[in-house]
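[1] just coords:
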C-alpha cells in the first residue's frame, strides 16, 4: 500500500533528522562516580607501610608569580629537544618540559605554515608545560626538596634526542642529592626517572610527583560531540571533565577540582581535538591524581602523586613515570597500550556512546587507508563494506516493500468493499498483510539502520586525527572540514571568494558535495511515484533539499559517505524491485514531479449542483 509505505519512509526520514539535530546539539558525556581517595605508602624496599601521604593540595605548585618565573626562565639554561617528530626545549629551572612543537603537523593546509605548537613556557599567552619534583613528608622541610623553581645543573646531554637522554642534578646542601634523567622515544613519549640519594645520617620521607599546568582554555569553539578537557583513568574507570565544567567542580583548598585514587593502573592529563598531554605513572603502581582549576589565576592543573617513600641513610630511591605529549594517532596510542603496557590508553580517544561501533568502524577505515592510500576512497570503500554487512536485513525490508506493491490491487478492492468504514478497512488490511507475510513497518528499517552507523562515522571523522587535513580529490583537501567550494561564486569560476563561515551568506553557500547529496536523495525518492496525499507530497518534495542544507556544513568525509550510501541504496532497491516484477519508472516519476498538474475539469452537472441556490422570494 503506497500510502502506508510513504508514511513509514517519511517517519524514518523525519526521525533521522530529529535525532541528528539532537545529537549534534546535545551530547554530554556520562560522568562516572569516582571513589574517595584512600592512603597508600611504601618503604624504601617497596613494601606497604602505614604512612598517610599529605593531602593533594600540598603538592607544590608553580607558586612564584608568573612575571618572576618568566624572567627566571629567560636566564635559566635550556636544553634543545630535537627528534624526528618533535622540536622544542626543556628548562633547567625546575627541569620543566615547556616548549614543544609537532613536526609532522601544520597549523593550516599550507605546507609552509608553522608546525602545531603543543607546549609553551610561562610568560606566553597560553602557557602549557609539565613539571616534575618531590614533595616533603613527615618532618622534612619544604625547601629540602626540588620544585618548579629549582635550578638544576646539567650533568650530561646537550640535546635531547631519541638516542641521547638528558641528565641533571640538584644538591640541596642538607644531605639529599636529586638526579633526574629525561629520555624520549621516536614518537611522543617522554620517560622521566627521578632519584634521591640520602647522604645524611637520618631517614627522610618524601614522595615524587608530576604535574601539567595550563593557562586558560585552548582557543577554538567547543562542541558537545568532542571531549576537550581533563581525561583520567583510574583502575579502568574513565572520567572526563570539559574545560567549561571545571569551575563547577567541588572546592579543593583554594581551587576547585576532583581527586582520583588508582591502586595499580591509570593516567591523567589534558586532551584537545587532536592533541594530548598525559601523565602516566608506572603501571602496577598506586598513585593519587588530581584535576583542579584555580579561578584567580585561570589555571588548569593535573597532578599525579606517587606514594610516600622512606629513604634510609646511605640509600637511593628512584621513581619512573612517563609523559605523553603529542598527537592522538590511533596506531601510535594503540602501540603504547599493547606493546608498552599503558593500560586502556586507546580510550584516551573520544569514541563516544557508540564506541562498540566507532572502534571497529575506524579499524576498518584505517586498514582500508593503509591498502588504498587515500582517505576519501577509503570512506567510499568503507561504505560499501557497511552496506554489504547490513544487506541481509535491508534485503528483507526492500522485499517487504516490493510485496506491498504487489498487494496494491487487493488493497484497492478492500477500499471499494469497506468504503468509509475505517475500522473494517484496517482489519482487512492487517489480515491481508498477515496472510501474505508482509510487514508494513519494514520500510523504515533501511533508514533506521543507518542512524547509529551515521553517528559512529561522524564521530570517527570528527575526532580522529587521521582525517585532519586528509585530501580526497581536486578541491577536497581536508575531509574533516566542510566542502570549500561555493555555488555563490560558481565553484571558483567567478573571481570572488566563498563567504566566510561566520557570515550569514555561508548558510546558502552550498558546495559541490552537498548539492550531489541533495540530488542523490531526490533520485532515491523517484524510485516510487509521488504520494497522492498533498501533505506527504510536500514533505517528499522538500526533504532532499532540507537535508542538503542541513548537511552542507558537515565534514566532507561524512557527506561523501552519505552520497555513496544513497547511491548504493538506489541500486539495491532498483534491482530488488525489478526482481519482484516491478520496474521502477524513474524517468517517468521525475517527469511527473516536474510537470505542473492541470486542474481536473468538473462535469457541468456537478458544477451546476454546486452553485449556491437562489434565495426564495
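    Good, I have the coordinates. On a predicted model such as this, the values are computed, not experimentally measured, just so you know.

[2] quick check: domain ranges of this structure?
    2-22+360-594, 48-218+292-329 (automatic domain parsing).

[3] How far off centre is the shortest one?
    Spelled out, that is domain 48-218+292-329. 29 Å (C-alpha atoms, centre = their mean, to the nearest Å).

[4] cool, the longest one as well?
    On the basis of C-alpha atoms, centre = their mean, domain 2-22+360-594 sits 24 Å off its chain's mean C-alpha point.

[5] How is the spatially closest residue to residue 188 that is not a sequence neighbour classified with respect to secondary structure?
    Nearest residue to residue 188, sequence neighbours excluded (C-beta to C-beta, 6 or more residues apart in numbering): residue 326, at 2.6 Å. No exception for glycine: its C-beta is placed from N, CA and C like everyone else's. Under DSSP: H, G, I helix; E, B strand; the rest coil, residue 326 falls in the strand class.

[6] Give me the neighbour count for residue 326.
    25 (other C-beta atoms under 10 Å).

[7] for residue 206, what are its contacts?
    Counting by C-beta atoms under 8 Å, 6 or more residues apart in numbering, residue 206 touches 134, 135, 136, 137, 140, 145, 196, 308, 309, 311.

[8] Tell me which two of these sit farthest apart.
    The largest separation in these, counting by C-beta to C-beta, is between 135 and 311 at 13.4 Å.

[9] Thought residue 191 was touching residue 183, still the case?
    Yes - using C-beta atoms under 8 Å, residue 183 is in contact with residue 191, at 4.9 Å.

[10] Mean pLDDT per helix and strand in this protein: which one sits at the bottom?
    helix 2-25 (a mean of 46; mean pLDDT, DSSP states H and E).

[11] distance of the residue sitting nearest the centre point of the chain from residue 233?
    The centroid of the chain falls nearest to residue 463 when counting by C-alpha atoms, centre = their mean (3.2 Å). Remark: distance between residue 463 and residue 233 (C-beta to C-beta, to the nearest Å) = 17 Å.

[12] Give me the residue ranges of the stretch 301-450 of the chain where confidence is low.
    402, 440-447 (pLDDT under 70).

[13] Show me where it has its strands.
    For the stretch 301-450 of the chain, the strands defined by DSSP state E, counting those that start in this stretch occupy 309-311, 316-327.

[14] which of these is buried the deepest?
    Among those, ranked by average contacts under mean count of other C-beta atoms under 10 Å, first place goes to strand 309-311 (a mean of 22).

[15] Paired strands for it, with orientation please.
    Sheet pairing for strand 309-311, assigned by DSSP bridges, gives strand 204-215 (antiparallel).

[16] pLDDT averaged over the strand it pairs with, what's the number?
    The predicted model gives strand 204-215 an average pLDDT of 95.

[17] next one: stretch 591-604
    59.

[18] one step back: to residue 423, which of the strands of the stretch 301-450 of the chain lies closest?
    strand 316-327 (64.1 Å).

[19] Provide the strand pairings for that closest one, with the direction of each partner.
    When pairing is defined by DSSP bridges, strand 316-327 lines up against strand 189-198 (antiparallel), strand 275-281 (antiparallel).

[20] returning to that earlier point: more neighbours: residue 183 and residue 191, which one.
    Between residue 183 and residue 191, counted using other C-beta under 10 Å, residue 183 has the larger neighbour count: 19 against 15.

[21] just checking, residue 375 touches residue 479?
    Yes - using C-beta under 8 Å, residue 375 makes contact with residue 479 at a distance of 5.4 Å.

[22] residues in contact with the closest residue to residue 476 other than its chain neighbours?
    Nearest residue to residue 476, sequence neighbours excluded (C-beta to C-beta, 6+ apart): residue 556, at 5.2 Å. Applying C-beta under 8 Å, 6+ apart, we find residue 556 in contact with 472, 476, 478, 479, 480, 481, 482, 483, 511, 513.

[23] any chance of the contacts of residue 206 in JSON lines, plus distance to residue 496?
    Shown next, in JSON lines, are the contacts of residue 206 (distance: C-beta to C-beta, whole Å):
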{"residue": "134", "distance to residue 496": "62"}
{"residue": "135", "distance to residue 496": "61"}
{"residue": "136", "distance to residue 496": "66"}
{"residue": "137", "distance to residue 496": "68"}
{"residue": "140", "distance to residue 496": "70"}
{"residue": "145", "distance to residue 496": "63"}
{"residue": "196", "distance to residue 496": "66"}
{"residue": "308", "distance to residue 496": "67"}
{"residue": "309", "distance to residue 496": "68"}
{"residue": "311", "distance to residue 496": "71"}
